[in-house]
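Novice: What follows is a protein structure lacking sequence information:
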């Protein structure tokens with residue numbers, strides 16, 4: 001299920017947001033969509049040959065939509081779910097339900113950042129895709145949502161997660177990590193958990209109080225209760241995503257590479273992955289590519305910093321002054 005009530009994160013015209021992913025879907029092709037909830041991009045009712053994967057069945061999704069106050073007409077449009085379970089175990093899930101074939105495409109919107117084991121998900125997608133098939137995902141940009149001040153995902157963290165078995169305690173800690181460091185954008189008392197990149201103004205950021213989530217963590221650890229955490233486990237910017245995927249590929253842990261990356265629009269970016277080009281990279285090529293991606297990630301972080309925005313404002317004022325002088329002359 002998408003984490004975005006009404007797609008608050010990356011809010012924008014759905015056709016515009018989904019267009020890059022829909023370009024993958026050729027008439028008659030078969031594909032998988034992960035957790036579409038209220039906004040499927042390849043709805044069966046529109047004639048797409050789509051297999052839906054979600055952690056909840058259709059009935060539970062409808063109940064959750066009612067709890068959110070979704071209109072009955074929209075609830076009725078929730079897609080039938082074909083495979084109920086954890087997308088981190090995609091291959092095991094679909095094979096266990098008797099699906100033995102392959103698919104031409106796999107698409108997801110705001111799913112990858114939730115996965116307990118991203119490596120397994122990527123490898124499962126590889127196994128399920130036909131030769132030439134694509135995996136395409138819309139991923140929230142950490143600079144443009146409540147993740148703004150959260151630590152970014154790391155290669156080591158994602159590799160480590162592949163060897164971990166989630167427990168009630170680890171899930172409680174995951175929930176605390178998100179809740180204790182979440183931010184909102186405060187526009188004169190109107191607070192939102194997601195915004196556009198141009199609106200990511202540090203002067204309007206507001207952190208929460210860490211005491212309630214800490215108290216909740218203590219209760220959950222004492223009771224040994226699983227919080228059923230379904231929030232963000234990983235936080236990316238476009239360059240950070242590309243850097244981690246590149247590293248996973250050269251380490252031989254994943255056989256996919258970024259085929260196309262669409263920069264952040266409305267607070268989210270889009271990536272299309274295909275099977276990696278055969279052949280070994282030289283040490284120099286690896287070092288150069290990794291350095292380039294890390295520098296890009298630095299630039300991405302700087303764009304939303306207070307210092308950058310102050311310099312940008314000074315530059316705009318200087319240009320305006322020069323324009324006035326030129327006009328007066």
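Specialist: Here it is on my side, so go on. Here the structure is a predicted model, which means the values were calculated and not measured.
Novice: From here on, just use CA atoms for contacts and neighbour counts.
Specialist: Will do.
Novice: What segments of the chain are strands?
Specialist: 30-34, 49-54, 83-84, 103-109, 129-140, 183-187, 190-192, 205-207, 256-265, 268-275 (DSSP state E).
Novice: Pipe those into JSON lines and attach mean pLDDT and mean neighbour count per row.
Specialist: As requested, the strands of the chain are exported to JSON lines (pLDDT from 0 to 100; neighbours: other CA atoms under 10 Å):
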{"stretch": "strand 30-34", "mean pLDDT": "95", "mean neighbour count": "23"}
{"stretch": "strand 49-54", "mean pLDDT": "94", "mean neighbour count": "22"}
{"stretch": "strand 83-84", "mean pLDDT": "95", "mean neighbour count": "20"}
{"stretch": "strand 103-109", "mean pLDDT": "94", "mean neighbour count": "24"}
{"stretch": "strand 129-140", "mean pLDDT": "95", "mean neighbour count": "21"}
{"stretch": "strand 183-187", "mean pLDDT": "95", "mean neighbour count": "19"}
{"stretch": "strand 190-192", "mean pLDDT": "94", "mean neighbour count": "13"}
{"stretch": "strand 205-207", "mean pLDDT": "96", "mean neighbour count": "16"}
{"stretch": "strand 256-265", "mean pLDDT": "93", "mean neighbour count": "17"}
{"stretch": "strand 268-275", "mean pLDDT": "95", "mean neighbour count": "22"}
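Novice: Just put those strands in a markdown table and tack on distance to residue 248.
Specialist: Output for the strands of the chain, formatted as a markdown table (distance: least, CA to CA, whole Å):
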| stretch | distance to residue 248 |
| --- | --- |
| strand 30-34 | 22 |
| strand 49-54 | 25 |
| strand 83-84 | 27 |
| strand 103-109 | 20 |
| strand 129-140 | 16 |
| strand 183-187 | 30 |
| strand 190-192 | 34 |
| strand 205-207 | 33 |
| strand 256-265 | 9 |
| strand 268-275 | 13 |
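Novice: quick one: which of those strands is nearest residue 324?
Specialist: strand 183-187 (31.5 Å; CA to CA).
Novice: Fine, thanks again, bye for now.
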